[in-house]
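>>> Attaching a predicted model along with its sequence, questions to come.
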Amino acid sequence: GNASQVAQNVDPKKAKATCYDYGVHVPMIIAGPSVRNPHRINTSVVNAVDLFATMLELCGFTTWRDHIPNNRIVDAVSLLPIIHDEARSVRTWAFSEQFTIPTIPADAKTIRNEQYQLLRIDAGGEEFYDLVADPYENTNLLLAPMTTMQQDNYTALCQQLTALTG
């Protein structure tokens, strides 16, 4: 996403430094000898923490999880199955959070899957968007009756967000 001063086709209040998709969505390009069938486009949800697991496994350290204490939560998932063109996706959700900055007066958290995004503002309030049908997040699905599919995704994302943040 772009900074609010240069954001195009999006509300500047939903630009970089926000938890809206335009603010947290970052394209990733992977190149190198491990990439099988290069020049592919993959729109899977990945998280920055996935680079940790991916780099370790690219270096041959495939048992890295065995060296982390059981009481430590590690949500990194290796992207090697995608890099090796063995899987289209390796994770079902991605999490981001934002801390108070001058232009946004409240902390917020967001979790998304391939189609839907849930934003939870710590000061109160939630927003839920269908990123496929509404990529600029103009229609908060929580303001109208939801379809069964929307409700199921909302419930699943709420549960995952609660598990991550308490």
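The structure has been received and is ready for your questions.

>>> Checking the closest residue in space to Gln115 that isn't next to it in sequence next. Helix, strand or coil?
Excluding its sequence neighbours, the residue lying closest to Gln115 (Cβ to Cβ, 6 or more residues apart in numbering) is Val132, at 5.0 Å. All C-beta atoms are positioned from the backbone trio N, CA, C, and that covers glycine. For Val132, the assignment made with DSSP: H, G, I helix; E, B strand; the rest coil gives coil.

>>> Report the central residue of the protein.
Nearest to the geometric centre of the chain sits Ala94, at 2.9 Å (Cα atoms, centre = their mean).

>>> Show me what that one is bridged to.
On the basis of DSSP bridges, Ala94 is bridged to Arg112.

>>> And it, how close does it get to Ser34?
22 Å (Cβ to Cβ, to the nearest Å).

>>> my hunch is that Thr110 is in a strand, does that hold up?
Yes: counting by three-state DSSP, Thr110 falls inside a strand.

>>> Work out the gap between the helix or strand where Gln150 lies and the centre of the chain.
In the assignment (DSSP states H and E), Gln150 maps to helix 148-165. Put simply, helix 148-165 sits 14 Å off its chain's centre (Cα atoms, centre = their mean, to the nearest Å).

>>> now swap in stretch 46-60 and tell me
16 Å.

>>> which of the residues in it are buried?
Residues Val46, Asn47, Asp50, Phe52, Ala53, Thr54, Leu56, Glu57, Leu58 are the ones in stretch 46-60 that count as buried (16 or more other Cβ atoms under 10 Å).

>>> Report the mean confidence score over it.
Mean per-residue pLDDT for stretch 46-60: 92.

>>> Do a quick rundown of the helices in this structure.
Here the chain has its helices, by DSSP state H, at 21-24, 50-58, 80-83, 148-165.

>>> Make JSON lines out of these and add distance to Glu137.
Below are these laid out as JSON lines (distance: least, Cβ to Cβ, whole Å):
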{"stretch": "helix 21-24", "distance to Glu137": "6"}
{"stretch": "helix 50-58", "distance to Glu137": "24"}
{"stretch": "helix 80-83", "distance to Glu137": "26"}
{"stretch": "helix 148-165", "distance to Glu137": "14"}
